[in-house]
Each structure stands twice: as structure tokens, then as C-alpha cells.
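Peer 1: quick one, structure for this:
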Amino acid sequence: MGGSLLLWHAQLGEFLGLAADKEPVVSTVGAPAVGEPPASTPATRAPKPTPKPTRTPSTSPKTTEKSEQTETTEKPAVREESIEGLSPKLRSRLKKAITAADRDGVTIRITSARRTSTKQQRLFNEALQQYGSYKVATRWVLPPKYSAHVQGKAVDIGPTAAMTWLNQNGWRYGVCRRYDNEPWHFEALSAPGKKCPPREPHAVAKSD
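Peer 2: Below you'll find the model as predicted:
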């Protein structure tokens, strides 16, 4: 009985923290209650790192401006039957000739003025197929790189009355018929008021 009481007393002492190898906890005024964490200085939060600005891949302003300028200044497509696509010299002279012909009761109709390289190439391919010879085909249709139509320096007109009138009076305005085999084909070949140069039998490609 006595042994059991001593054992119980020792266990009770350990439970209450009064064992010989432990010191009792002494409370003081203002001390935190048991079970609460000791007061401490609030932790200072580290400032969040400022995110680096994301760099957008730079686009060269010059390239953009150049692209916009190209789109803006590109000449709009004009109808082949219009004189607006012709060179300034031929267009100006032809306008005066058209006005003069109209006073004489003759209407000059434009059948083909400036052509695209694609259109000229198609016409040349058709002529090549029709005549079966490069040399003969170029007497009627030149390849794009040799064509005055592609350069805006030639015009085909109609009807027959207009061809006749311009052939007789075109020299007054510096507009001349160039080939014997094409009474509809005219170019600005001389100064206004000067005699037109002798006509050529037909067109000849430079490579011939």
C-alpha cells in the first residue's frame, strides 16, 4: 500500500510539472496567459519585387511608314480605254487632238491605251500561236518588255474616220502614226507643229 502511494505521488508530480529536475513556472504581471504565444514584434513584410516591364518586340517605324507610303502612293488601276494611264506628254497632246477632231465632227474613240504586262503577254502569246513565228508575231504584238502600250506611250484608236483624221492632223499636236500595218496605232513622236517621222513598216522586237 505504501509503495503504491509513493508511485502515485511521483506520477502526480510529473503530471503537474513538479518533478525534481523541473522548475515550476512562475507567473508575473503582464505575462501572457498560458497557451498563448509570446508577444513579438510584427514581422516586416518584404516589399514585393516590382515586375519588369515586358518589352514588346519593337517594329521599325521606318518600315511601317514605308509600307503605308507604298500603299498610299501606288497608282490605281485604270481602264485600258482611258487615257489617264498614258504618259503625261501623250495624254496632254491627245486631249488637244480629241478636242480639235470633235470640232470637225469626228469622234476619236480610245480602243487600247495603257496595258498591263499580263494583258500584253497574253496578246503576244495569241499572236505567236496564230503566226507560228516569233519574228512574224512581233510585227503585230510586241512582248511586254518592248511594248510602248505597257509603258503608257502608245494608243490605239477608232473608228476608221478617227484614224484618218489623226493621221492627217496629228502632227499639229505631236501625235503620229508609227507603223504602216497598224493605222490605229499612234505615239508622241515629234514636237507639236513639226512633221512626223517616216512610218516604219511594222514593229520589230529589239532581239531581232
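Peer 1: where does this structure have its least confident helix or strand?
Peer 2: Lowest mean confidence among the helices and strands of the chain (mean pLDDT, DSSP states H and E): helix 61-73, at a mean of 41.
Peer 1: correct me if wrong: residue 157 contacts residue 106.
Peer 2: No. Contact criterion C-beta atoms under 8 Å: residue 157 and residue 106 do not qualify, at 10.6 Å. In short, each C-beta sits where N, CA and C put it, glycine included.
Peer 1: give the residue from those two that has the larger number of neighbours.
Peer 2: residue 157 (28 against 17; other C-beta atoms under 10 Å).
Peer 1: for this structure, which segments count as helices?
Peer 2: Under the criterion DSSP state H, helices of the chain are mapped to 2-15, 61-73, 88-103, 117-131, 134-137, 160-169.
Peer 1: which of those helices has the lowest average pLDDT?
Peer 2: When these are compared by mean pLDDT, helix 61-73 comes last with a mean of 41.
Peer 1: neighbours around the nearest residue to residue 183 once chain neighbours are set aside, how many?
Peer 2: Spatial nearest neighbour of residue 183, chain neighbours left out: residue 163 (4.8 Å); criterion: C-beta to C-beta, 6 or more residues apart in numbering. Look at residue 163: counted by other C-beta under 10 Å, it has 21 neighbours.
Peer 1: so what's residue 163 up against?
Peer 2: Contacts were defined as C-beta atoms under 8 Å, 6 or more residues apart in numbering; by that measure residue 163 touches 157, 177, 183-184.
Peer 1: next, find the distance separating it from residue 89.
Peer 2: 21 Å (C-beta to C-beta, to the nearest Å).
Peer 1: ok, residue 103 next?
Peer 2: 22 Å.
Peer 1: between these two, who's got more neighbours?
Peer 2: residue 89 (13 against 7).
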